[in-house]
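*Asks:* Next input, structure requested:
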Amino acid sequence: MKNKFLLIGMLMSGILLSTCTKDNKVLLFNGKDLINWDKVVFEEADVDEVFQVGDGIIQVSGVPNGYIITRDSYSNYKLHVEWRWATEPTNSGVLLHVQETNLEEWPLCIEAQLMNSNAGDIVMIGHGAGISVGDSTYIIKPEESRFKIANKFEESSESPAGEWNTYEITCDGDNIELIVNGILQNKGTLATLRSGPIALQSEGSPIEFRNVYLIPLE
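*Replies:* Here you go, the predicted structure:
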């Protein structure tokens with residue numbers, strides 16, 4: 001029941017709560033609380049235990065599966081996200097251009113993968129999600145599984161558990177570029193999704209996020 005009210009709040013929210021700084025950054029996370037986000041989990045759980053804030057960091061338990069999602073939609077931006085694994089690295093992700101949210105499964109979106117050793121993969125989630133990378137086109141048809149992966153270009157450029165990593169994600173029209181710790185790991189075009197909220201996953205083990213902001217493209 002608690003999740004149902006959260007989902008209603010997500011759909012009804014139209015108030016711009018993000019903080020814009022003088023250098024045009026949109027602070028998606030203010031370092032104090034999750035006022036700009038809604039919390040969703042797929043099982044009965046206290047969402048405030050799954051997603052917490054402490055010492056300027058978003059602390060995600062990893063169990064059960066779920067996500068926090070911005071209350072506003074975005075397009076044409078450079079997104080900056082820093083993350084680290086608190087214990088054993090497992091799985092998570094940054095969900096872009098989120099559509100069709102519900103309380104039972106991952107939403108229709110394009111994911112910037114955070115699975116251990118796979119950060120930089122582009123994951124299509126949901127029927128209709130698609131992108132072209134090089135000579136390959138990945139589009140999920142209705143009769144297919146809800147997941148397709150465009151693998152990263154290089155060997156893992158991730159830092160060890162306990163150390164911070166940086167994701168620089170550029171979404172420019174139907175183009176998406178993923179840079180992990182300064183290494184270009186993926187670049188696609190003709191994305192079928194081009195705008196929507198941004199989400200951070202709980203999926204496996206404790207993970208932490210900080211310095212989550214975007215810069216609108218001119």
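*Asks:* Can you read off the pLDDT for Ser13?
*Replies:* On the pLDDT scale, Ser13 is placed at 41.
*Asks:* Next: the one 10 residues further on.
*Replies:* The predicted local confidence for Asp23 comes out at a pLDDT of 74.
*Asks:* Counting neighbours, what do you get for it?
*Replies:* 6 (other C-beta atoms under 10 Å). The way it works is simple: take the backbone N, C-alpha and C, and place the C-beta from them, glycine included.
*Asks:* how about the helices in this protein?
*Replies:* Under the criterion DSSP state H, the chain contains helices at 2-12, 47-50.
*Asks:* Mean pLDDT lowest where, among these?
*Replies:* helix 2-12 (a mean of 43).
*Asks:* pLDDT below threshold where in this structure?
*Replies:* Applying pLDDT under 70 to the chain flags the ranges 1-22.
*Asks:* what residues are up against the most centrally placed residue in it?
*Replies:* Using C-alpha atoms, centre = their mean, the residue of the chain that lies closest to the mean C-alpha position is Val94, 1.8 Å off. By C-beta atoms under 8 Å, 6 or more residues apart in numbering, the contact list for Val94 reads 79, 81, 111-112, 114, 167, 169, 198-201.
*Asks:* 7 Å instead, please
*Replies:* Residues in contact with Val94 (C-beta atoms under 7 Å, 6 or more residues apart in numbering) are 81, 111-112, 114, 167, 169, 198, 200.
*Asks:* Roughly how far does it sit from Ser73?
*Replies:* 15 Å (C-beta to C-beta, to the nearest Å).
*Asks:* Show only the entries of the contacts of Val94 found in strands.
*Replies:* Judged by DSSP state E, strands contain the following of the contacts of Val94: 81, 111-112, 167, 169, 200.
*Asks:* among these, which ones are buried?
*Replies:* Buried members of the ones in strands among the contacts of Val94, counted by 16 or more other C-beta atoms under 10 Å: 81, 111-112, 167, 169, 200.
*Asks:* now those residues in CSV, with distance to Asp46?
*Replies:* Listed next are those as CSV, based on distance: C-beta to C-beta, whole Å:
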residue, distance to Asp46
Val81, 25
Glu111, 25
Ala112, 28
Tyr167, 28
Ile169, 30
Leu200, 18
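*Asks:* any idea which of the residues you listed is closest to Ala45?
*Replies:* Leu200 (16.4 Å; C-beta to C-beta).
*Asks:* Nearest residue to that closest one in space, please, no chain neighbours.
*Replies:* Nearest residue to Leu200 in three dimensions, chain neighbours excluded: Ile68, at 5.4 Å (C-beta to C-beta, 6 or more residues apart in numbering).
*Asks:* And for Glu104?
*Replies:* The shortest distance from Glu104 to any non-neighbouring residue, by C-beta to C-beta, 6+ apart, is to Phe42 (6.0 Å).
*Asks:* so that neighbour sits right up against Gly66, yeah?
*Replies:* Yes - contact between Phe42 and Gly66 holds when scored by C-beta atoms under 7 Å: they sit 5.7 Å apart.
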